[in-house]
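1. here's my sequence, what's the structure:
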Amino acid sequence: MANLITHSLSYSKEEIYEYVISPIFVENDIRDLVTIRTGIKSREKLDFFASLEKITRAYAQGSSFSSTGAVALTQKTLTVSDMKAQIEQNAKAFEDSVKQQLLASGYKQNDLLESDRLLEQVVLTVYMQGLKADMQRQIWFGKTNAETFSSNIPTGTADVDYNIYQGFFDLLMSDVDSATIPAAQYLDLNTTTYLSTAGVKEVDTATVSGASGILSMTINGVAYAEAFDTDVETTIDNWVASHAATILAREGKVVAAKASASTITITAGVAGCPISTVDSSTTMAASIANTTANTEMGDFKADGALAAVRALHAKMPTVLRKMKKEAKIMCTVSVIDNYATSLESGAHDGAQKRLVDGVDKYYFRGIELVEMADWDDRITNDLGGCLPHRMVMTIPKNLIVGCDGDADDMMIENWYEKKDQLNYWRTEYKIGVQYYHESLVALAY
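-> Take a look at the predicted model:
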């Protein structure tokens, strides 16, 4: 049993109805930045029609005039996954605190539904904030091959907090890698044009020896083995053929390749993201040398973020430019902070800051920069610090979040189980993400 709320409170003469919930801040609710589609039970086709033009010609009589023009239809599939959250609370956890006065008496003391209901509201408020935080975290950073990290290195252990469905970043970055999103719409931030230090991909080189046994290397927590065959080079060829694709498909996109008749290189897939390569061979041996050290991506240098935003703006596709009034640039705090410093120093060049409802908002040539503080938190604490600076420029209509109800994260079951003498809260819903069209997005990372 694990209570949602634990405490070490002692009784004091505080006002009985006074309670404090630690601030749980979910900035930029996802509903302000994406389009929500409801009523999806498994999958739905998304249709994007290109604009129609150049269909008007000089007049000609009847059949002597030829019809002209066609519209391209792009179709993508939005698939939703089943999600569930459930927590429990033992009312007796509030004993020996001022909150015990809110509990019912006798055998009903365990049932928060029979209490003053203030405690139930406290638990529900915390639970709702947790649901919203999880939804936003998974919508952006979900990936089906997600792994936990240790010392910023993937461990080979599935990360159950992220591996349910593909989020926007994995979806968009995969489409950049496959050129589905044209290279002209991607800005590589890993350069000293913008950063104080450019990240470097780590390379480990394994020199293989032995005439029998098993060649095995443990890469980011997972052992990959191949039995000796004929000679060292043949064994290396077999090892690469057996494992390179599997290693590449894992978290981090590590590249394993034959370098020579006796060596294998293990190269990080992302600059600045470290890797771990350990010899775990039997009889054979793989002597591991770190031939290129990992170098993490540095902070933005002076006016680096302003230069990057300017460069990203230049990569805006024509279709997106036509919808510029609707566009937003969602970005990490690292971008916003450096951008703000440039404004404070007087380096404007199309950059603006406005005070809206008491909050500073930043713009570049009329496009709002939206600070996504949760991105920095997740990247640092959950994702090994990889690619710490990110920007997504698009319109909210282009990013689609699908679910099976109008407000699934708000539909909560709440009951008291007499047998267990516990209070339960449970939510079930379906969710998935997709985007309409590549011509409505530009990325920087």
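
2. which helix or strand in this protein has the lowest average pLDDT?
-> When the helices and strands of the chain are scored by mean pLDDT, DSSP states H and E, strand 351-356 comes last with a mean of 69.

3. same for the helix or strand harbouring Ile236, what does it pack against?
-> Using DSSP states H and E, Ile236 maps to helix 232-248. Packing contacts for helix 232-248, counted by 3 or more C-beta pairs under 8 Å, 6 or more residues apart in numbering; DSSP states H and E, involve strand 203-209, strand 214-219, strand 222-227, strand 255-258, strand 263-267. To be clear about C-beta, it is placed using only N, CA and C from the backbone, and glycine gets the same treatment.

4. what sits against the most centrally placed residue in the chain?
-> Closest to where the C-alpha atoms of the chain average out (C-alpha atoms, centre = their mean) is Phe141, at 1.4 Å. Contact analysis of Phe141 by C-beta atoms under 8 Å, 6 or more residues apart in numbering lists Tyr162, Gly167, Phe169, Asp170, Arg378, Asp382, Leu383.

5. what's the angle between the helix holding Ile236 and strand 263-267?
-> Put simply, helix 232-248 runs at 10 degrees to strand 263-267, going by axes from the mean of the first three to the mean of the last three C-alpha atoms, to 10 degrees.

6. contacts for helix 232-248?
-> By C-beta under 8 Å, 6+ apart, the list of residues contacting helix 232-248 reads 208-210, 215, 219, 224, 226-229, 254-258, 261-264, 269, 284.

7. and stretch 381-392, by the same measure?
-> With C-beta under 8 Å, 6+ apart, stretch 381-392 has contacts from 141, 149, 152-154, 159, 161-162, 168-169, 172, 187, 189, 194-195, 252, 270, 272-273, 296-297, 300, 308-309, 312, 329-332, 334-335, 375-376, 379-380, 441, 443-445.

8. for stretch 437-445, same thing?
-> The contact list for stretch 437-445 (C-beta under 8 Å, 6+ apart) reads 48, 74, 172-173, 175-176, 180-182, 185-189, 308, 311-312, 315-320, 323, 387, 389-395, 397-398, 435.

9. now, which of these lie within strands?
-> The strands, defined by DSSP state E, take in Phe48, Thr74, Tyr186, Leu187, Met391, Val392, Met393, Thr394, Tyr435 from these.

10. how about a markdown table for these, with pLDDT, neighbour count and distance to Arg57 added?
-> Shown next, in a markdown table, are these (pLDDT from 0 to 100; neighbours: other C-beta atoms under 10 Å; distance: C-beta to C-beta, whole Å):
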| residue | pLDDT | neighbour count | distance to Arg57 |
| --- | --- | --- | --- |
| Phe48 | 67 | 16 | 27 |
| Thr74 | 73 | 13 | 27 |
| Tyr186 | 98 | 20 | 38 |
| Leu187 | 98 | 20 | 41 |
| Met391 | 98 | 22 | 43 |
| Val392 | 98 | 25 | 41 |
| Met393 | 98 | 26 | 37 |
| Thr394 | 97 | 26 | 35 |
| Tyr435 | 94 | 24 | 36 |
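
11. and these as TSV, adding distance to Arg137?
-> Formatted as TSV, these follow (distance: C-beta to C-beta, whole Å):
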residue	distance to Arg137
Phe48	27
Thr74	29
Tyr186	24
Leu187	25
Met391	19
Val392	16
Met393	21
Thr394	19
Tyr435	18
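
12. next, Lys430: phi, psi?
-> phi -110, psi 140 (degrees, to the nearest 10).

13. what about the helix or strand hosting Ile87, average pLDDT?
-> Following DSSP H and E, one finds Ile87 within strand 81-89. Taken as a whole, strand 81-89 has a mean pLDDT of 84.

14. which SSE is immediately downstream of the least confident helix or strand of the chain?
-> Next along from strand 351-356, by DSSP H and E: strand 359-364.

15. if we can go back for a sec, for the ones in strands among the contacts of stretch 437-445, which one is nearest Thr277?
-> Nearest to Thr277, judged by C-beta to C-beta, of these is Tyr186 at 29.1 Å.

16. what distance do you get for the closest one to Val123?
-> As judged by C-beta to C-beta, to the nearest Å, Tyr186 and Val123 stand 45 Å apart.

17. can you check Ala308 too?
-> Ala308 sits 43 Å away from Val123, going by C-beta to C-beta.

18. where does this structure have low pLDDT?
-> 1-32, 48-50, 71, 91-110, 112-120, 347, 349-351, 355-358, 405-411 (pLDDT under 70).

19. CA atoms only for the lengthiest helix in it, dumped as PDB, please.
-> Assignment by DSSP state H gives helix 118-141 as the longest helix of the chain. The C-alpha trace of helix 118-141 is given here as PDB (Å, rounded to 0.1, in the frame of the first residue of the first chain):
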ATOM      1  CA  LEU A 118     -12.000  18.800   2.800                       C
ATOM      2  CA  LEU A 119      -9.500  16.000   2.900                       C
ATOM      3  CA  GLU A 120     -11.100  14.400  -0.100                       C
ATOM      4  CA  GLN A 121     -10.800  17.700  -2.000                       C
ATOM      5  CA  VAL A 122      -7.100  18.000  -1.000                       C
ATOM      6  CA  VAL A 123      -6.400  14.500  -2.400                       C
ATOM      7  CA  LEU A 124      -8.400  15.200  -5.600                       C
ATOM      8  CA  THR A 125      -6.600  18.500  -6.200                       C
ATOM      9  CA  VAL A 126      -3.200  16.900  -6.000                       C
ATOM     10  CA  TYR A 127      -4.400  13.900  -8.100                       C
ATOM     11  CA  MET A 128      -5.800  16.200 -10.900                       C
ATOM     12  CA  GLN A 129      -2.500  18.200 -11.000                       C
ATOM     13  CA  GLY A 130      -0.600  14.900 -11.400                       C
ATOM     14  CA  LEU A 131      -2.800  13.800 -14.300                       C
ATOM     15  CA  LYS A 132      -2.300  17.100 -16.100                       C
ATOM     16  CA  ALA A 133       1.500  17.000 -15.600                       C
ATOM     17  CA  ASP A 134       1.700  13.400 -16.800                       C
ATOM     18  CA  MET A 135      -0.400  14.100 -19.900                       C
ATOM     19  CA  GLN A 136       1.800  17.100 -20.900                       C
ATOM     20  CA  ARG A 137       5.000  15.200 -20.200                       C
ATOM     21  CA  GLN A 138       4.000  12.200 -22.200                       C
ATOM     22  CA  ILE A 139       2.500  14.200 -25.100                       C
ATOM     23  CA  TRP A 140       5.800  15.800 -25.700                       C
ATOM     24  CA  PHE A 141       8.400  13.200 -24.700                       C
END
